[in-house]
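what shape does this take:
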Amino acid sequence: GNLLRSRVVNLIENRKKIMALFSSSNASHKQMLLKDSLNKLDNEFMEKITGIIEENLENEQINIYQLTDQMFMSHSTLYRKIKALTGLSVNEFVRKIRMRNAERLLLTGKYAISEISIMVGINSSSYFRQCFKDEFGLSPTEYLNQILDRKKSEY
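Numbering: from 1, shown residues only. Coordinates of the predicted model:
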């Protein structure tokens with residue numbers, strides 16, 4: 001019974017770590033911890049589902065059915081798995097991936113906010129700004145300005 005109990009405790013601890021990572025915003029720290037805390041299968045699952053979402057990023061309607069088909073899972077299994085690993089619903093998870101990619105594109109300095117919005121599959125720029133603000137606490141413009149200010153003060 002002890003082995004099983006410690007396995008369960010470890011799994012719960014790992015899931016807690018993962019949820020904490022997804023709610024924190026320090027990306028590089030997050031990736032390091034993520035690699036440590038996910039077991040191999042969960043890691044492969046997260047990489048695969050993230051990959052599928054990113055391949056379809058420009059598609060405004062990434063739907064659960066596409067994801068379930070490509071992951072060979074039922075709707076409810078996929079929902080439960082994402083919820084267990086990230087604490088998010090499938091739609092929230094997709095939005096998070098969209099926003100992570102939006103952040104990356106924003107930081108390249110190559111694209112207008114309206115272009116980025118479309119590149120991550122959100123055709124309404126006001127909805128895009130709202131999602132970005134929900135994710136990062138700042139509008140895309142404020143976020144960029146804050147980073148530029150930080151860079152200036154480093155010199």
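
how close does residue 81 sit to residue 123?
29 Å (CB to CB, to the nearest Å). Using the backbone N, CA and C atoms, a C-beta is placed for each residue, glycine as well.

after the helix-or-strand element of the chain with minimal mean pLDDT, which helix or strand is next?
Using mean pLDDT, DSSP states H and E, helix 27-37 stands out as the lowest-scoring helix or strand of the chain, at a mean of 60. Next helix or strand after helix 27-37 toward the C-terminus (DSSP states H and E): helix 40-55.

flag every buried residue along that next one.
Neighbour counts using 16 or more other CB atoms under 10 Å place 42, 45, 46, 49, 50, 52, 53 of helix 40-55 among the buried residues.

hey, where'd the helices end up in the protein?
Ranges of helices in the chain, per DSSP state H, are 2-23, 27-37, 40-55, 64-71, 75-86, 90-108, 113-119, 125-136, 140-154.

give me the contact list for the third one.
Defining contact as CB atoms under 8 Å, 6 or more residues apart in numbering, one finds that helix 40-55 is touched by 14, 18, 34-35, 38, 62, 66-67, 70-71, 78, 81-82, 85, 93-94, 97-98, 101.

need the buried ones from these selected in PyMOL.
A single PyMOL command selects the buried members of the contacts of helix 40-55 (16+ other CB under 10 Å):
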select buried, resi 14+18+34+38+62+67+70+71+78+81+82+85+93+94+97+98+101
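
where in this structure is pLDDT low?
By pLDDT under 70, the low-scoring segments of the chain are 21-38, 155.
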